[in-house]
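Participant: Sequence first, then the predicted structure:
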Amino acid sequence: MSDQPTTAVFDVGRVIVQWDMRLLFAKLINDAEELDWFLANVVTEAWHMEHDSGRPIADMVGERIKQFPDYAELIEAYQHRFLETIPARVPGTVKLIERLHARGVPLFAITNFGTDFWAEYRPTEPVFDLFRDIVVSGHERLIKPDPEIFQLSEKRFNKPASSMIFIDDNAANITAANALGWHTHHFTDAAQLEADLIARGLLA
């Protein structure tokens, strides 16, 4: 691994933008106990990840409604109102991306994101125009922390792992990238990321 990275590779959800399924369903389920149960058993993050892995959301919704017919309208709401689960940007991260771009640091992203939802969401966020390429798990049918998605990204970005710092909030994804020789930053907030980027010479 080289001493310092020269390229920044970002995760998207919970690093660049906030994501919380509860924000949508809290509008639709008034009872707190039922809301907790619904998110733990019906529209769960594990189920959502099937879309991230490449399954069409319409297929998933139809299948889920058969399992939970009493919640059909709520399950359909997830398909049609997904953008309500992304309320805002994570404070500070976009400013760091803009500063990196201004310094000429190559920017890329690797995101666990379903194809259908990405097509809907991508046009709403102009910061992605600063990225040279974005590997989307749903398009590739590969999902972090599978090592193959990082290996694919090296080829797509035409950069060796040792030249890139991967920034992600998920510890398993960080561990996977580390094992393949990437520099990494386990994201908690923009202030700590800024300090790390300065220490590595990517920001001043």
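Facilitator: Received the coordinates, thanks.
Participant: how far away is the residue sitting furthest away from the middle of the chain from Leu197?
Facilitator: Ranked by distance from the centre of the chain (Cα atoms, centre = their mean), the top residue is Asp70, with 30.4 Å. Counting by Cβ to Cβ, to the nearest Å, the separation of Asp70 from Leu197 is 48 Å. Using the backbone N, CA and C atoms, a C-beta is placed for each residue, glycine as well.
Participant: how's this protein carved up into domains?
Facilitator: 7-18+88-199, 21-85 (automatic domain parsing).
Participant: how long is stretch 35-51 from one end to the other?
Facilitator: The first residue of stretch 35-51 is 22 Å away from its last residue (Cα to Cα, to the nearest Å).
Participant: Other residues contacting it?
Facilitator: 21-22, 25-26, 29, 57, 60, 64, 68, 71, 74-75, 78, 112, 114-117, 138, 143 (Cβ atoms under 8 Å, 6 or more residues apart in numbering).
Participant: What's the mean pLDDT across that stretch?
Facilitator: Average pLDDT, stretch 35-51: 97.
Participant: And for stretch 145-161?
Facilitator: pLDDT averaged over stretch 145-161 gives 98.
Participant: Show me which positions of it end up buried.
Facilitator: Pro145, Asp146, Ile149, Phe150, Ser153, Glu154, Phe157, Lys159, Ala161 (16 or more other Cβ atoms under 10 Å).
Participant: Distance from the chain centre to it, please.
Facilitator: Stretch 145-161 sits 16 Å away from the centroid of its parent chain (Cα atoms, centre = their mean, to the nearest Å).
Participant: List only buried entries from the contacts of stretch 35-51.
Facilitator: Members of the contacts of stretch 35-51 classed as buried by 16+ other Cβ under 10 Å are 21, 25, 29, 57, 60, 64, 71, 74-75, 78, 112, 114-117, 138, 143.
Participant: which stretches of this protein form helices?
Facilitator: Shown for the chain, the helices assigned by DSSP state H span residues 21-25, 32-41, 45-52, 57-67, 72-80, 93-102, 115-121, 137-140, 147-157, 171-179, 190-199.
Participant: buried set for the third one?
Facilitator: Within helix 45-52, the residues scored as buried using 16+ other Cβ under 10 Å are Trp47, His48, Glu50, His51, Asp52.
Participant: Any idea how far apart the tips of stretch 34-47 sit?
Facilitator: First residue to last in stretch 34-47 (Cα to Cα) measures 18 Å.
Participant: er, stretch 125-141 actually
Facilitator: First-to-last residue span, stretch 125-141, Cα to Cα: 23 Å.
Participant: now stretch 31-49
Facilitator: Start-to-end, stretch 31-49 (Cα to Cα) is 26 Å.
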